[in-house]
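[1] Pasted the sequence and its predicted model underneath.
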Amino acid sequence: MRNRIFSLSTIALFAPVLAFAQTTTPQTVEVYGQSVAYTEVVAADTDGNGKTDRTTYYDGEAMVLTAYDQNEDGKNDLWLRWENDQVVAELTDTNADGVADKQDDITAEERVVGTPVPALGTDAPATAGESAKGGPMSWVIVIAVAAIAVFLFVRARRRQ
């Protein structure tokens, strides 16, 4: 019985680590004949109508592409490519087929100084339908599972 409690407490202690250990396999999305590598996608309904109208692609913590469906037809019609937290290219779909057919490179002189789209893990207000990695509730769960694991471990050690 003691060994069983000890084994269960050990498993419970490492469960949060295993649950949050993520292997990020890079994927790619093709835009205007260019492959953009990403590891995570965040979709958002920025106007609250129940449809995704902004999709942001991240490579680790770095934003690499943001796609917009401005006319809400279910197809993206504007893409912004990002490098080092700066927009470097704007791609547009001019014939409403959901495929970028025009690219405008953004030079350093053209970049607008302003507030960039928040990176993952920041405390930016979430919009309806937006998914983000982690969050406060996930940490509450991790801490609760770890506390249970410690309790079981201490209890098992006392009974030995």
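    Happy to help now that I have it.

[2] If you count contacts, what does the longest helix along the chain end up packed against?
    Using DSSP state H to define each element, the chain has its longest helix at helix 136-159. Identification of packing neighbours for helix 136-159 by 3 or more C-beta pairs under 8 Å, 6 or more residues apart in numbering; DSSP states H and E yields helix 2-20. Every C-beta, even on glycine, is put in place using the N, C-alpha and C of the backbone.

[3] And the next helix or strand past the helix it packs on?
    strand 27-31 (DSSP states H and E).

[4] Relative to that next one, what are the paired strands and their orientations?
    Sheet pairing of strand 27-31 (DSSP bridges) gives strand 34-38 (antiparallel).

[5] do you know how far the closest residue to residue 49 other than its chain neighbours is from residue 79?
    Of all residues not flanking residue 49 in the chain, residue 72 sits nearest, at 7.3 Å (C-beta to C-beta, 6 or more residues apart in numbering). Between residue 72 and residue 79 the distance is 16 Å, computed by C-beta to C-beta, to the nearest Å.

[6] More neighbours: which of the two?
    The residue with more neighbours, out of residue 72 and residue 79, is residue 79; 23 against 12, by other C-beta atoms under 10 Å.

[7] OK, contacts around the more buried one?
    31-32, 65-68, 90-92, 100 (C-beta atoms under 8 Å, 6 or more residues apart in numbering).

[8] If any of those residues are buried, put those into a PyMOL selection.
    Buried members of the contacts of residue 79, defined by 16 or more other C-beta atoms under 10 Å, are picked up in PyMOL with:
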select buried, resi 31+32+65+66+67+68+90+91+92+100
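
[9] and of the contacts of residue 79, the nearest to residue 84?
    Set against residue 84, the nearest of the contacts of residue 79 by C-beta to C-beta is residue 65 (13.8 Å).

[10] I am finished for the moment; much appreciated.
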